[in-house]
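A.B. asks: got a predicted structure here, sequence first:
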Amino acid sequence: MINVLLARLRQGHRTIRFPTDKPNVPDRLRGRPVIDPAKCPPDCRVCADVCPTDAITLDSKGLRLDLGRCLFCTECVQACPQDAIRFTTDHRLATRAREDLVMGEGELKLAQALDEKAKRLFGHSLKLRQVSAGGCNACEADINVLSTVVFDLGRFGIQFVASPRHADGLLITGPVTRNMDFALRETYAAVPAPKLVIAVGACAIAGGPYIHQPEVRNGAASCLPVDLFIPGCPPHPLTILDGLLRLLGRIESRPA
Amino acid sequence: MARTGFAALHPGQAMPKAGLPLLPMPEFQRAIAAGVGRGLRVSALFGHCPAPGAPVELFAVLNDSARAILRGARSVLAADDFPSLTRECPQVHLFEREIAEQYGVTPRGHPWLKPVRFHASYRDLAPGSPAGADADAPAQALLPALEGQAAPGAGTHGAGPLIGVTDFYRVEGEEVHEVAVGPVHAGVIEPGHFRFQCHGEEVLHLEISLGYQHRGVERMLIGGPDKRGIPAIETLAGDTTIGHATAYCQALEALGEGRVPGRAEVLRGVALELERLANHTGDLGALAGDVGFLPTSSYCGRLRGDFLNLSALLCGSRFGRGLVRPGGVAFDVDDARRDQLLTRLAATYRDVQSAVNLLWESASVQARFEGTGRVQPEVALSLGLVGPAARACGIDYDVRSQFPSGIFRFAQVPISTWTTGDVFARAYVRWLEIQRSVLFIQEQMKALPEGPVRTAVGAARPDHVVVTLVEGWRGEICHVAVTDDSGRLARYKVVDPSFHNWMGLALALRNQQISDFPLCNKSFNLSYCGHDL
Ligand code: SF4
């Protein structure tokens, strides 16, 4: 017993002061990319050609990068002779609309809060049922991490629940394998309305590395209405938390 | 081993496919049975269909860990069925089911022939066939619409069976009841289906039915290596990114005669051990949580993240995404980063010691761990269990020791074993491994060789085959690559340790309380997606 108490002392207080303090992220974190199409030589396509998920398009509108498809693998960065693409350590990536994830030169349109009525319903108590539909256990692991003392998700009133009937929405990971399609829809149907759907990770947004594989459905939006998209492969826990808090209006859009 | 006609194979060394003896089926099977009878283990047994309509070829890789050598051979199926070897050699049970499902052939007399992942046969989707070549082909061509009725042929392999629609093993009798759980479970966890046959609280039998995570990884790799290969490998079991990426890169390096610089070998080894540390620590915390011992559960949850952050220190990704690449690693470390890694590792390890030792000192924890979910050593051997689950039954096998590759050729990690085969043993082996992994990283990072971290790897040699083995945190990862006459991957077989071990969990539950399932499950902590591919 005494050792339990000593251990308690030694382990200390570990909860980070997010979102009040600027979070500590790894210096090599691959967060929000910055692209500079002005640097692109005419007809250069090397970045698009090396991209494993065809996240990069080059057309009359210039270079655009779809964060929903992006695996943050940096193959494009390594291939680009002009340094036209680089990744910053900005962890904020979540958006409300799928098309907002397609980035051009400008800023990323980060997720807006729910409307007032929904905010009243979910703002201080959001219960989510997580469904992994082909997720590789990396997104799942970094969702689980939010419930540890470091992030302490409960202090924001957000909690993962066992039954969809107790939930206000689904948080989906994985590309939605055909073998999970039915179970996912049934789980969604079991959540009482009004309900939210949150897609976490490249797989759940667009199929991830498995995009266009006949065995999967290219993400949650292919079968359910998605309210929040959180990119990454997997997203950093702070990226997920930031997205959830923005949705609830607990983080206002402000400069980094 | 001329007696049985299997050839010696060295992991990580490519050989011409023709060097792999082609045996008549009876001889091929006899050799497998005889080998397993002598204590060899089946590391891989899989089918391959070189062209649409061509007969199915079988490949076997036997693991003679006592002599630190692999034995391989192949055979061609003359007909669409063959006598099952499962009754004689239980550890091939799932391999035979997989072959049956992937290639539409029947192992005659298999005692439990059911789908593994519930998909249509790959037979007609060999390279060159229209559906195989065109990734955008309508999916209905491959899998039946879900809205449709259950295919009566579930368990047969013409059309794709509907997931979960299949017979389950049943125990009948007064007061016997069945509990069905999943695919959607209570926690934040991958999907799978569990059927318990219970008498009161006691579990008489557990059947585990998976396949919900099937994404078609092996089929996707055919025709590579290409740009989609590495991301698929890194995510086929996302908590084992480094383990699988290392096995894949070693295969491409062997096929393309690439050489990995020493510095990169060290960084790969360090990343592999960080992956082990994070997962073992997290699992010890989860085990504590499952017996209601909150201090360790809460501390280890945080500490697991601290180890993940060390992987992120190396490459920016907590799971090591983007680190291991053919020819080496994509990120180097300078002295400052190395020092930071060592300092943070030491601090995290001190906290892990304080958190984990509470487990062994608490009688209430020990009472729940000891004797729960016991697997007898002979069961572990006959099922061919691997990794900590096998070492917890006293089985002296660790790829890092018997088949060392990369830096493990120069820095041996002692094998950690225990003998009791219960939850305690599986937990304690993890703890022993944590201590040894920390020591390994400290030694290696202090003696990091100078030089580049990546070199170019040539194109894969045509008509070659290579086997690679890596000790992932769950146990033996086995990859087998076979190239065609133009050097493309004709077949890429992945055997995740979970493929061997799920049956071990099912048997560990026999005669246990059903309420001990979470505890037993966590003590194995197997991969759903690594199994489902
Ligand atoms: S970082 Fe994203 S955009 Fe760039 S190659 Fe990788 S997946 Fe494509």
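C.D. replies: Looks like it arrived, so ask away. Residues are numbered from 1 along each chain as shown, chains lettered A, B, ... in the order given.

A.B. asks: contacting residues around the residue in chain A that chain B sits nearest to?
C.D. replies: For chain A and chain B, the shortest gap (C-beta to the nearest C-beta) falls at A:C136, measuring 2.9 Å. For glycine as for every other residue, the C-beta is placed from the backbone atoms N, C-alpha and C. By C-beta atoms under 8 Å, 6 or more residues apart in numbering or on different chains, the contact list for A:C136 reads A:G174, A:C203, B:T235, B:L236, B:A237, B:G238, B:D239, B:C529.

A.B. asks: nearest residue to the third one other than its sequence neighbours?
C.D. replies: Spelled out, that is B:T235. Closest residue to B:T235 apart from its sequence neighbours, by C-beta to C-beta, 6 or more residues apart in numbering or on different chains: A:C136 at 4.2 Å.

A.B. asks: what does the pLDDT read for that neighbour?
C.D. replies: Note for A:C136: predicted pLDDT of 95.

A.B. asks: quick check, it in a strand?
C.D. replies: No. Assigned with DSSP: H, G, I helix; E, B strand; the rest coil, A:C136 falls outside any strand and is coil.

A.B. asks: show me where the stretch 101-250 of chain A has its helices.
C.D. replies: With helices called from DSSP state H, counting those that start in this stretch, the stretch 101-250 of chain A shows them at A:116-122, A:138-144, A:178-190, A:201-206, A:237-247.

A.B. asks: now do the end-to-end distance for stretch B:368-378.
C.D. replies: 24 Å (C-alpha to C-alpha, to the nearest Å).

A.B. asks: beta-bridge partners for B:L62, please?
C.D. replies: Here B:L62 sits in beta bridges with B:V42, B:R71, as judged by DSSP bridges.

A.B. asks: please apply the same query to A:T173.
C.D. replies: Those that pair with A:T173 in a beta bridge, by DSSP bridges, are A:S132.

A.B. asks: and it, what is it in contact with?
C.D. replies: Neighbours of A:T173 in contact, by C-beta under 8 Å, 6+ apart: A:Q130, A:V131, A:S132, A:A133, A:G135, A:C139, A:E140, A:I143, A:V200, A:G201, A:C203, A:A204.

A.B. asks: in CSV, list those residues along with distance to B:Q513.
C.D. replies: CSV is the format used below for the contacts of A:T173 (distance: C-beta to C-beta, whole Å):
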residue, distance to B:Q513
A:Q130, 27
A:V131, 28
A:S132, 27
A:A133, 31
A:G135, 30
A:C139, 32
A:E140, 27
A:I143, 29
A:V200, 35
A:G201, 36
A:C203, 36
A:A204, 36
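
A.B. asks: of the residues you listed, closest to A:E99?
C.D. replies: A:A204 (16.7 Å; C-beta to C-beta).

A.B. asks: now that closest one: how far from B:Q402?
C.D. replies: Taking C-beta to C-beta, to the nearest Å as the measure, A:A204 falls 40 Å from B:Q402.

A.B. asks: check which element follows the one helix or strand in chain B whose mean pLDDT sits lowest along the chain.
C.D. replies: Least confident helix or strand of chain B, by mean pLDDT, DSSP states H and E, is helix B:130-133 with a mean of 36. Downstream of helix B:130-133, the next assigned helix or strand under DSSP states H and E is strand B:176-181.

A.B. asks: just the buried residues of the strand or helix carrying B:A271, please?
C.D. replies: Element membership of B:A271 [criterion: DSSP H and E] is helix B:262-290. Going by neighbour count (16 or more other C-beta atoms under 10 Å in any protein chain shown), the buried part of helix B:262-290 is B:262-290.
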